[in-house]
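> Would you be able to build a 3D model of this:
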Amino acid sequence: MSLIKWHNPWPGGFPSSIRRHEKPVEDVEFATRAWRCFAREQWVDADGTVADQQRRALIERWATAEQEFRDDACLVEQYMHDLDDVYVCLTEWTPEKQALLAKIIMALFSSFDGSFEHMVDYISILLPFEDNQGDIVDKFKFLRGVNRPDFLDMHMALDGTVLFADRAPKLIIDDRTLETGLALWVQFESNGTKERVYRVQMLMQEFVYIFLDVHYNLDSLDNALIYLEDDLDTEPGLEDILEDEPVAMRRPFVEIYRQRNISDMVDRYAPGLREAENAGNGLAIGYDLERILSNNGQPLTILENCLPPQRLKNY
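Have a look, this model is predicted:
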């Protein structure tokens, strides 16, 4: 498993011409077929920053074009894609936040049975941190798919507005997650607005089973988290955010994780973490995240300014 730091945001912020589609649509592939054809015809092979600049130029051209130009664009075949679903969206980076994030990374192991299997290949850290301030749910799809344009996710409709093809739930680690263990689990509409939002407790073994149901078996978020509604007298509305119970994340990991007798395994998965937490009254200040053995017993890697490998295939 790797931590990927996303740099290179849109210079100067998003232009005012780049707007989300007014309403969600059911068939994003159909609604954005002209845009995808336009983007493919105009694309010139490039990598890195040059490729990001080219994507931004195409987006602005489509958003500001005359409607007649967009109406004349051709059709293009459909695509399927795989995207990674765990994102760290903090408003600042401090030694305390790094120590708290270590607990979150530990909670993403599929089990503490000695297999060293992590549930995800990549966790993306969205940068710069100041862009994550405010309502992260409202802005997330633009930060994820438009800020550094990802043409596997973001597309554009005939009216020049933005739609998103990736409807899979996203697990968002924000500042509150680090203090409570409660991550934002969000199902998004095709225009980037929220469909449902949950605060799920990561520091429990049950979270592993729920996560695997959602992200491996492609279950809906509503079905996977139905247990949150069991104790409610009334059915929650779409705007309600259901929450698990918080935990005190500044206590040692072995005291707050809801599974017994894991001390020996924590020592194997993260050598020195328990000692560092004991020395820091629950926070392993200065603990190097790359000491966590998350890649089948190999150290976690931290990658700078790159995107996760994305697999593209014909539909």
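> Helices of the stretch 1-150 of the chain, start to end?
Taking DSSP state H, counting those that start in this stretch to define them, one finds helices in the stretch 1-150 of the chain at 28-31, 33-42, 48-64, 67-71, 95-107, 136-145.
> For the ones you listed, give me CSV that also has mean pLDDT.
Listed next are those as CSV, based on pLDDT from 0 to 100:
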stretch, mean pLDDT
helix 28-31, 85
helix 33-42, 86
helix 48-64, 90
helix 67-71, 83
helix 95-107, 96
helix 136-145, 94
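> Tell me which of the ones you listed approaches residue 245 most closely.
Closest of those to residue 245 is helix 95-107, at 14.8 Å (criterion: CB to CB). (Each C-beta comes from the backbone N, C-alpha and C, glycine too.)
> And the average pLDDT for stretch 304-315 is what?
Mean pLDDT, stretch 304-315: 50.
> Buried ones in stretch 160-180, by neighbour count?
For stretch 160-180, burial by neighbour count (16 or more other CB atoms under 10 Å) applies to 160-166, 169-175, 177-180.
> Take these and keep only those in strands.
162-164, 170-173 (DSSP state E).
> Could you single out the nearest of the residues you listed to residue 118?
Closest approach to residue 118 among those (CB to CB): residue 171, at 13.4 Å.
> Including distance to residue 14, could the helices of the stretch 1-150 of the chain go into TSV?
Below are the helices of the stretch 1-150 of the chain laid out as TSV (distance: least, CB to CB, whole Å):
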stretch	distance to residue 14
helix 28-31	20
helix 33-42	17
helix 48-64	10
helix 67-71	20
helix 95-107	26
helix 136-145	7
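> ok, which pair from the ones in strands among the buried residues of stretch 160-180 is furthest apart?
163 and 173 (25.7 Å).
> Which residue, other than its chain neighbours, is closest to residue 155?
Nearest residue to residue 155 in three dimensions, chain neighbours excluded: residue 32, at 3.3 Å (CB to CB, 6 or more residues apart in numbering).
> Now for that neighbour: which residues touch it?
Going by CB atoms under 8 Å, 6 or more residues apart in numbering, residue 32 touches 155-157, 163, 165.
> What of residue 51?
Going by CB under 8 Å, 6+ apart, residue 51 touches no other residue.
> And the one 3 residues further on, by the same measure?
Taking CB under 8 Å, 6+ apart, we find residue 54 in contact with 43-44, 46.
> Just confirm residue 277 is within a helix.
Yes: counting by DSSP: H, G, I helix; E, B strand; the rest coil, residue 277 falls inside a helix.
> for the stretch 151-300 of the chain, what are the low-confidence residue spans?
Applying pLDDT under 70 to the stretch 151-300 of the chain flags the ranges 216-220, 222-240.
> make it 90
Low-confidence segments of the stretch 151-300 of the chain (pLDDT under 90): 151-153, 165-169, 187, 196, 198, 205-244, 258-265, 268, 293-300.
> rewinding a little: just put the ones in strands among the buried residues of stretch 160-180 in a markdown table and tack on distance to residue 25.
Formatted as a markdown table, these follow (distance: CB to CB, whole Å):
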| residue | distance to residue 25 |
| --- | --- |
| 162 | 12 |
| 163 | 6 |
| 164 | 10 |
| 170 | 19 |
| 171 | 25 |
| 172 | 23 |
| 173 | 29 |
